[in-house]
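> Sharing a model that was predicted from the sequence below.
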Amino acid sequence: NNGFIFFVNHDGPIHVTTISNNSSHILTKSRAMLATTLMRSLARQRSSLQGLTVSRYCLSTASVVDSSSIAGDHKVLHSPVTRFTEDEEMTRDAARQWAQQDLKPIVRDMDNECKLRPKIIQNLFDLGFMGMEIEEEYGGSEMSFTSACLVVEEISRVDPSVAILVDIHNTLTNNAVRFWGSPCLKEKWLPRLAQDAASSFALSEAGSGSDAFSLKTTATKDDGSSSSYRINGTKLWISNAPEAGVFLVFANAEPEKGYKGITAFMVDATTEGITIGKPEKKLGLRASATCPVTFDDVKVDEQDVLGEVGEGYKYCINILNEGRIGIAAQQIGIAKGCFDIAMPYLQERKQFGTAIGDFQGMQHQYAQIATEVHAAEVMTYNACRLKEAGLPFIKEASMVKLYSSQVAERAASKSIEWLGGIGFTQDLLAEKFYRDCKVGSIYEGTSNIQLQTIAKLIQTEYK
């Protein structure tokens, strides 16, 4: 029940200090800093570790593998993609515990109110879930991309409406600033993104959905000033707009160049001229507000430009490729959440003197769905590792976004059938998962767009 930080003295013994569970966030950050040093030191001092047989090192998971668990004299060269580092496991467990204890009791209320509770958003910041990959120097958790996806998955098992806030914030806004933000922009926004400012990704418009680069929002040089812009236009389907402290806005600064004039701006939500419209009445993800946002002569400084003028379309494409993996994690969480509800019921509910989960017809159904969920899980975390390794992952990201949304729909539909009449009521959250999962085949690239992307990449491989 305690975490451990290993303090390594290269010239002497290894000292171990325990940290209680209520310091888990600090522990996670400390592990992230010490992981590399620890592994190198353990390799040097393996002979000094008394009472522990250490003959294999699983470097990709930063974990020590006991030789007794390995058949023969095989070396562990690679870890399974569903095996996670200690940091990642601790982060996943923390997210799971918080979601079950603090989030679950109010999920139905937030869904009915169509609004996130402020304390939930504050919890996300307090636990470090809103700055997963942001460097510690900016107040972030400095964890892996996989860790961020694990948090999204675990929260989605309870409420995907909360998970989408975490996903968009981490995989889109935070990483866009980390990758392409100027030193000034990083200093201005990364500490706030990690600690108190939720974000919204403002790309879609009435006439630019899948054809994202046909957007009409403009950013023109301010009259009498060469160092500021005026943004004008209306964005639609903007998630988390009421909670946002900052908008990542895509606008065309040079319309004469077409999509090559699209530029990204970090716009403070308190800037004069921003109007957030009434939230849409949606089928699912009701607690996550989706609103139109109008920018009426909104003045921004040239220092608020993310990256280079005219490069926004490149940043958008690249960051959405990552975001699709996050959506896959959300869909996997939904599928697992359905199992969390349905499987105990199948073991408890009896008909004809037998638990309905013991009937072969039922066994075949949940075995099939479980297999598909596992396949989606493997695909998702393989895409995570490809991304972290700096390897091509666009095809894999599109594949897993496509497939996981299909699996989530099947799992949600089947779970309601397995639950029978009670599954069709609001007594359980199965019907909410059924409503929540449908958007997985729509946002951050429709299923048809994913198929088109996959097809193009496959064609390239065979040319």
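Arrived safely, thanks for sending.
> so where do the strands sit in the stretch 201-350 of the chain?
Along the stretch 201-350 of the chain, the stretches classed as strands by DSSP state E, counting those that start in this stretch are 218-221, 228-239, 244-252, 262-268, 274-276, 290-301, 305-306, 350-351.
> Could you pull out the buried residues of the fifth one?
By neighbour count, with 16 or more other CB atoms under 10 Å as the criterion, the buried positions of strand 274-276 are 274, 276. In short, each C-beta sits where N, CA and C put it, glycine included.
> Likewise for stretch 196-209?
Quick answer for stretch 196-209 (16+ other CB under 10 Å): 197-205, 208-209.
> for stretch 239-246, what is the average pLDDT?
Summarised as a single mean, pLDDT over stretch 239-246 is 98.
> Tell me, how many residues neighbour residue 281?
Residues near residue 281, counting by other CB atoms under 10 Å, number 8.
> contacting residues around the closest residue to it other than its chain neighbours?
Using CB to CB, 6 or more residues apart in numbering and skipping residues adjacent in sequence, the residue nearest residue 281 is residue 114, 7.8 Å away. Taking CB atoms under 8 Å, 6 or more residues apart in numbering as the criterion, residue 114 is in contact with 279, 281, 286-287, 289.
> Residue 457 now?
394-395, 398.
> most surrounded residue in those?
Neighbour max across the contacts of residue 457 (other CB under 10 Å) = residue 398, 26 neighbours.
> What helix or strand is it located in?
helix 394-419 (DSSP states H and E).
> what about that helix, average pLDDT?
The model assigns helix 394-419 a mean pLDDT of 98.
> Hmm, residue 346 and residue 355 touching each other?
Yes. Contact between residue 355 and residue 346 holds when scored by CB atoms under 8 Å: they sit 6.8 Å apart.
> more neighbours, those two?
More crowded of residue 355 and residue 346, by other CB under 10 Å: residue 346, with 20 against 14.
> excluding its backbone neighbours, what's nearest that one?
Closest to residue 346 by CB to CB, 6+ apart is residue 357, at 3.2 Å.
> Could you list the buried residues of the helix holding residue 398?
For helix 394-419, a neighbour-count test (16+ other CB under 10 Å) marks 394-416, 418-419 as buried.
> now swap in stretch 212-229 and tell me
The neighbour-count check on stretch 212-229 (16+ other CB under 10 Å) flags 212-213, 215, 217-219, 222, 228-229 as buried.
> What is the helix or strand residue 192 falls within packed up against?
Assessed by DSSP H and E, residue 192 sits inside helix 183-195. With contacts taken as 3 or more CB pairs under 8 Å, 6 or more residues apart in numbering; DSSP states H and E, helix 183-195 sits against helix 175-180, strand 244-252, strand 262-268.
> Now tabulate these in TSV and tack on distance to residue 331.
Compiled in TSV, the helices and strands packed on helix 183-195 are given as follows (distance: least, CB to CB, whole Å):
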stretch	distance to residue 331
helix 175-180	20
strand 244-252	23
strand 262-268	27
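> who wins for proximity to residue 427 among the ones you listed?
Closest of the helices and strands packed on helix 183-195 to residue 427 is strand 244-252, at 33.9 Å (criterion: CB to CB).
> how about that closest one: buried residues?
For strand 244-252, burial by neighbour count (16+ other CB under 10 Å) applies to 244, 246-252.
> go on, stretch 92-103?
Quick answer for stretch 92-103 (16+ other CB under 10 Å): 92, 94-96, 98-99, 103.
> pLDDT of stretch 205-214, averaged?
94.
> Which residues does that stretch contact?
With CB under 8 Å, 6+ apart as the test, stretch 205-214 has contacts from 203-204, 215-217, 233-236, 258-259, 262, 313, 316, 445-446, 448-449.
> let's see it at 10 Å
Residues outside stretch 205-214 that contact it (CB atoms under 10 Å, 6 or more residues apart in numbering): 203-204, 215-217, 233-237, 250, 252, 258-262, 292, 312-313, 316-317, 320, 442-443, 445-446, 448-449, 452.
> PyMOL command for the buried members of those residues?
In PyMOL syntax, the buried subset of those is picked out as below (16+ other CB under 10 Å):
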select buried, resi 203+204+215+217+233+234+235+236+237+250+252+259+261+262+292+312+313+316+320+443+445+446+449
